[in-house]
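K.L.:
Pasting a predicted model and its sequence here:
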Amino acid sequence: MKSVLVISSFEKGRGSGHLVRSCSLVFNLQNKLINAQLYIPSLGTKCGRSLKEAQDIFEQCGIDPAAVNLILDKDKISKQEWNIVVTDMFRMESGIFYFLKNIAPVLAIDEGGCFRSSADFLLDILPVYSNVQPNFLRCNLLQMPKPENRKQKKFSVENSKPKILISFGSEDTADLGKTVASALAICDQVDVTLVSGILYDDAKKLTVNSNCVRQILKIENMREHLAEYDLLITHFGLSAFEALCAGTLVILVAPTRLHKKTAQMAGFFSAGFGKKGALKIPRLLFNHTNFIGHTKFIESLSKRCAELEKKYNLEAQNTLADFIQQLEPQSPSVCPVCGSTKENKTIARFSGRTYKLCEVCSMYYLLRITPPDIEYSEYNEKYFFENYKKQYGKTYLEDFASLIAMAKKRLFHIHKIVERSDAKNTSGKTLLDIGCAYGAFLSAAQEEGFIPHGADISDAAVAYVNGTLHIHAEKCDFEYEDTDAVRKFYDVITLWYVVEHFQNLKAALLKIKSILQDGGVLAFSTPSAAGISARKSIKNFLKQSPEDHRTVLNPHKIKQLLKVFGFDVQKIVITGHHPERFPIIGKYLHPSTTKKTGKILYRIIFLISRFFRLGDTFEVYAVKQTDSESKST
């Protein structure tokens with residue numbers, strides 16, 4: 001990570017929490033030698049606040065305003081290169097979203113607006129009340145280092161005169177702080193501190209007249225003082241989680257119904273909504289005028305807070321800056337195959353990855369923000385032996401005979417196409433197998449009269465093909481390297497379960513076209529977006545898809561797609577039929593069953609799968625058109 005743009009909201013009525021977190025993030029990233037800069041879209045606008053107010057927030061965080069790298073001119077953003085844009089805006093507006101999506105991959109923090117589903121990646125630090133699930137829920141990533149000062153006996157009332165802290169942020173638009181403080185003022189056996197907030201309109205007026213209530217504008221570095229209190233009364237937000245870190249009891253009062261729903265969803269105790277909820281607090285804590293420190297309510301509240309601390313792993317020491325620093329975003333701004341610039345629909349989100357569906361070519365494509373457990377470039381002997389055996393029951397070499405048989409079926413289709421285009425010469429054609437592995441297809445192609453060449457990223461596989469099969473092969477990452485193998489022209493180019501690994505499939509197809517003779521054959525296999533597994537549940541299908549599969553193609557759209565690249569599809573073969581993957585009935589089926597009725601039923605469903613073309617993989621056989629043919633179509 002080299003360059004991070006942080007976007008923060010700072011509008012009237014939304015407090016300062018987003019800006020506090022954003023300026024702290026920028027400051028901490030800079031300490032990690034990352035070029036981080038802050039932009040506040042609403043600054044100086046009618047609904048926004050002033051630069052002076054923003055600088056007051058910076059100082060409140062203990063940060064020199066000059067160190068925040070605040071961008072005041074929006075045009076400067078487009079003139080720089082960014083690795084990622086991090087937004088902390090509560091609800092993004094359309095203007096800023098469409099501007100940012102063309103800048104860099106967008107990671108939205110706690111986004112609650114209509115663009116929650118459109119952002120490339122979602123990080124919820126506070127649980128968001130939404131049907132759109134995030135890529136990450138990390139409540140332990142507070143905006144600053146977690147409180148160092150913590151209670152020795154967590155979630156207990158330690159003071160003989162219980163100390164209660166009331167804080168509803170820097171603005172408190174619902175005026176809940178004053179309401180709670182006034183309600184608690186009936187008892188002089190408690191010590192109440194009300195933090196009005198530096199943006200509160202009437203903060204300078206002492207509105208609560210009681211010996212037990214002390215009213216102040218702010219507490220410097222408040223998270224480090226939370227352990228001094230027995231109870232924090234606040235709304236749903238970062239302070240509530242910081243109090244859990246400090247071991248302090250928490251009761252929430254919701255300024256809006258959304259805050260109430262989110263608090264309950266997250267598991268906090270909520271006294272209710274608005275001033276009515278605020279007035280309930282004395283009934284929870286007092287018996288007449290006596291504070292009950294060991295009532296069932298306090299015991300229940302203590303247990304709940306302890307469970308929340310454990311649930312959200314708040315003991316972990318990572319900060320938001322640590323999390324951002326570790327990211328490696330790979331997020332194409334357009335469809336990586338057809339190049340469509342439409343705002344494509346987000347289909348599924350998982351940890352570290354998001355899948356979108358292109359409305360033009362019907363292809364699912366992957367957006368990554370963390371590296372997968374295994375990259376295609378890391379395929380090695382372990383993959384071909386240990387991993388292969390786990391999936392198929394044999395190592396690659398033990399399965400060599402069946403792989404040869406499968407290769408000959410594929411070569412049958414290739415022969416048919418070659419014979420159509422050049423009936424006088426069906427042998428001696430040059431063939432390049434990209435991702436050749438240990439050479440099963442190359443060996444079969446040689447037997448069929450082709451002159452085979454192999455390319456693979458695995459050193460061991462290339463050595464085996466050259467040394468044992470005596471077929472020419474080169475170590476080559478086809479997508480990124482230009483070796484001797486990709487400087488020649490071929491009559492046939494094949495890729496068996498390789499195209500889904502390409503990060504830029506469009507560029508790879510153009511590269512294949514450039515080294516394939518006019519009239520030459522392109523053949524490949526790949527997972528299907530129209531198979532039974534995808535039809536049953538596209539989200540489960542994508543979740544189980546290997547993390548280095550960057551695209552999932554649709555066999556119903558492949559002719560139209562390849563025609564754009566100058567290929568004429570001659571044949572599509574649907575493969576990978578698995579009756580056991582059918583919904584409902586599938587759990588009763590298994591290919592190894594010995595029961596007669598099970599075998600018959602399995603065969604029937606297998607035939608249904610073939611008839612309706614419901615296999616989970618497919619093969620494509622296409623011919624490269626001449627320039628004149630391409631122009632005519």
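P.N.:
That came through fine.
K.L.:
counting contacts, what elements does the longest strand along the chain pack onto?
P.N.:
Longest strand in the chain by number of residues, with DSSP state E as the criterion: strand 516-527. When contacts are defined as 3 or more C-beta pairs under 8 Å, 6 or more residues apart in numbering; DSSP states H and E, strand 516-527 packs onto helix 400-421, strand 490-496, strand 551-552, strand 617-624. The way it works is simple: take the backbone N, C-alpha and C, and place the C-beta from them, glycine included.
K.L.:
Residue 254: which of the ones you listed is closest?
P.N.:
Residue 254 lies closest to strand 551-552 among those, at 42.1 Å (C-beta to C-beta).
K.L.:
From the chain's centroid, how far away is that closest one?
P.N.:
Computed by C-alpha atoms, centre = their mean, to the nearest Å, the chain-centroid distance of strand 551-552 equals 16 Å.
K.L.:
next SSE after it?
P.N.:
Downstream of strand 551-552, the next assigned helix or strand under DSSP states H and E is helix 558-564.
K.L.:
then that next one to PDB, C-alphas only?
P.N.:
Provided in PDB are the C-alpha atoms of helix 558-564 (Å, rounded to 0.1, in the frame of the first residue of the first chain):
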ATOM      1  CA  ILE A 558     -19.800 -17.100 -24.900                       C
ATOM      2  CA  LYS A 559     -20.500 -16.900 -28.600                       C
ATOM      3  CA  GLN A 560     -21.500 -13.300 -28.500                       C
ATOM      4  CA  LEU A 561     -18.500 -12.500 -26.300                       C
ATOM      5  CA  LEU A 562     -15.800 -14.200 -28.300                       C
ATOM      6  CA  LYS A 563     -17.200 -12.700 -31.500                       C
ATOM      7  CA  VAL A 564     -16.100  -9.300 -30.200                       C
END
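K.L.:
Give the buried residues for whatever helix or strand comes next after it.
P.N.:
Next helix or strand after helix 558-564 toward the C-terminus (DSSP H and E): strand 567-575. Across strand 567-575, burial judged by 16 or more other C-beta atoms under 10 Å covers 567-570, 573-575.
K.L.:
Please put the alpha-carbon coordinates of the longest strand of the chain into CSV.
P.N.:
Once non-C-alpha atoms are left out, strand 516-527 reads as follows in CSV (Å, rounded to 0.1, in the frame of the first residue of the first chain):
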residue,chain,number,x,y,z
LEU,A,516,-2.9,-17.7,-33.4
GLN,A,517,-3.0,-18.2,-37.2
ASP,A,518,-6.0,-17.0,-39.2
GLY,A,519,-8.4,-19.9,-39.1
GLY,A,520,-6.6,-21.4,-36.1
VAL,A,521,-8.5,-23.1,-33.3
LEU,A,522,-8.9,-21.7,-29.7
ALA,A,523,-10.1,-24.3,-27.3
PHE,A,524,-10.6,-24.0,-23.5
SER,A,525,-12.6,-25.2,-20.5
THR,A,526,-13.8,-23.3,-17.5
PRO,A,527,-16.4,-23.3,-14.7
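K.L.:
what's the angle from it to strand 567-575?
P.N.:
30 degrees (axes from the mean of the first three to the mean of the last three C-alpha atoms, to 10 degrees).
K.L.:
who does strand 516-527 pair up with?
P.N.:
strand 490-496 (parallel), strand 617-624 (antiparallel) (DSSP bridges).
K.L.:
of those strands, which approaches residue 541 most closely?
P.N.:
Comparing these by C-beta to C-beta, strand 617-624 comes nearest, at 12.1 Å.
K.L.:
contact partners of that closest one?
P.N.:
Contacting residues not belonging to strand 617-624 are listed as 410, 413-414, 417, 421, 497, 513, 516-528, 531, 555, 558, 562, 566-576 [C-beta atoms under 8 Å, 6 or more residues apart in numbering].
K.L.:
Going through those residues, which ones are buried?
P.N.:
Applying 16+ other C-beta under 10 Å to the contacts of strand 617-624 flags 410, 413-414, 417, 513, 516, 519-528, 531, 555, 558, 562, 566-570, 573-576 as buried.
K.L.:
quick one on the thing from earlier: would you list the buried residues of strand 567-575 in TSV and tack on pLDDT?
P.N.:
Shown next, in TSV, are those (pLDDT from 0 to 100):
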residue	pLDDT
567	97
568	97
569	97
570	96
573	98
574	98
575	97
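K.L.:
Can you lay out those residues as JSON lines showing distance to residue 340?
P.N.:
Formatted as JSON lines, these follow (distance: C-beta to C-beta, whole Å):
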{"residue": "567", "distance to residue 340": "19"}
{"residue": "568", "distance to residue 340": "22"}
{"residue": "569", "distance to residue 340": "20"}
{"residue": "570", "distance to residue 340": "26"}
{"residue": "573", "distance to residue 340": "27"}
{"residue": "574", "distance to residue 340": "26"}
{"residue": "575", "distance to residue 340": "28"}
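K.L.:
hmm, which two among those are most spread apart?
P.N.:
568 and 575 (21.2 Å).
K.L.:
Tell me the first helix or strand C-terminal of the longest strand of the chain.
P.N.:
That would be, after strand 516-527 and using DSSP H and E, helix 532-536.
K.L.:
Can you list the buried residues in the helix or strand just after that next one?
P.N.:
Helices and strands here follow DSSP H and E; after helix 532-536, the next one along the chain is helix 538-544. The neighbour-count check on helix 538-544 (16+ other C-beta under 10 Å) flags 538, 541-542 as buried.
K.L.:
which among those residues gets closest to residue 354?
P.N.:
residue 542 (9.8 Å).
K.L.:
I figured that closest one hits residue 365, correct?
P.N.:
No - shown here, residue 542 and residue 365 do not form a contact pair, counting by C-beta atoms under 8 Å, at 10.6 Å.
K.L.:
closest to residue 215 among the buried residues of helix 538-544?
P.N.:
residue 542 (53.5 Å).
K.L.:
Tell me the spacing between the closest one and residue 338.
P.N.:
19 Å (C-beta to C-beta, to the nearest Å).
K.L.:
what's the answer for residue 251, then?
P.N.:
Going from residue 251 to residue 338 by C-beta to C-beta gives 54 Å.
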